[in-house]
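In: one predicted model, sequence on top.
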Amino acid sequence: WGNLVAAVAAVACCDIATGLVLQLLPLLLERQGTPAWLIGLNAAVGPIGILLAGPLLPRIIGHFGSKTMAFVAVGMLILALIAFKLFPSIWAWFLIRFVFGIMVGMLFTISEAWVLTFAGEKSRGPIMGFYTSILAITFAVGPLVLPFTGIDGWLPWMIGIVCVLLSALPLLIVNVSQID
């Protein structure tokens, strides 16, 4: 059960940051006077990164190991969150969002594989239901941060960074030697 809880907790913490970013970036872009069509195009870049990297992820994760790549994804997500704040330009955000999407996709791919593996055959359905419920809840928590922090300054970004950092803690206890 420890592996299962850790896998769910890791992606749940990261999911809060993802929900936060998906609300924070359009608000910042709108305030900068960015046209709505360009905000929408920018928002699409993250999912495009997921789609383009998706077919490559199993091979990359298989080569380097799921736990290692989960830590790489966490590290890259933290760097992306810092870069969003340091480079407040929609043009920079296209690239950062693309990388952010790939890393989120990688972390979700790994966590879902872990959950499916750790759940066992008999309890897989209820555990996947629990997993997806946790993801829905944590994804909704991200935007709830903004009414308390606002969109200015480092505070919303730091909350996202802390959430992603917290996602690394459960990864430390995951034992994946039997899967990799």
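Out: It's in.

In: all helices of this protein, in order?
Out: Using DSSP state H, the helices of the chain run over 2-31, 36-53, 57-64, 66-86, 90-119, 124-149, 155-171.

In: how about CSV for these, with mean pLDDT and mean neighbour count added?
Out: Using the backbone N, CA and C atoms, a C-beta is placed for each residue, glycine as well. Listed next are the helices of the chain as CSV, based on pLDDT from 0 to 100; neighbours: other C-beta atoms under 10 Å:
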stretch, mean pLDDT, mean neighbour count
helix 2-31, 90, 21
helix 36-53, 96, 15
helix 57-64, 93, 13
helix 66-86, 96, 20
helix 90-119, 93, 21
helix 124-149, 92, 14
helix 155-171, 93, 20
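
In: look at the residue lying farthest from the centre of the chain and report its pLDDT.
Out: Largest separation from the mean C-alpha position in the chain: K122, at 28.5 Å (C-alpha atoms, centre = their mean). We have a pLDDT of 87 for K122.

In: just W1 next, same as before
Out: So W1 comes in at 68 (pLDDT).

In: next: I173.
Out: For I173, pLDDT reads 86.

In: what sits against the closest residue in space to C13 that isn't next to it in sequence?
Out: Take C13 and drop its neighbours on the chain: the residue closest to it by C-beta to C-beta, 6 or more residues apart in numbering is S167, 3.6 Å away. Listed by C-beta atoms under 8 Å, 6 or more residues apart in numbering, the contact set of S167 reads 9-14, 74, 107.

In: so what's I179 scoring on pLDDT?
Out: 55.

In: one step back: need the contacts of S167 in CSV with distance to P26, can you?
Out: Listed next are these as CSV, based on distance: C-beta to C-beta, whole Å:
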residue, distance to P26
A9, 28
A10, 26
V11, 23
A12, 23
C13, 23
C14, 20
V74, 24
L107, 22
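
In: quick check, nearest of the residues you listed to L22?
Out: Using C-beta to C-beta, C14 comes nearest to L22 of the contacts of S167, at 12.7 Å.
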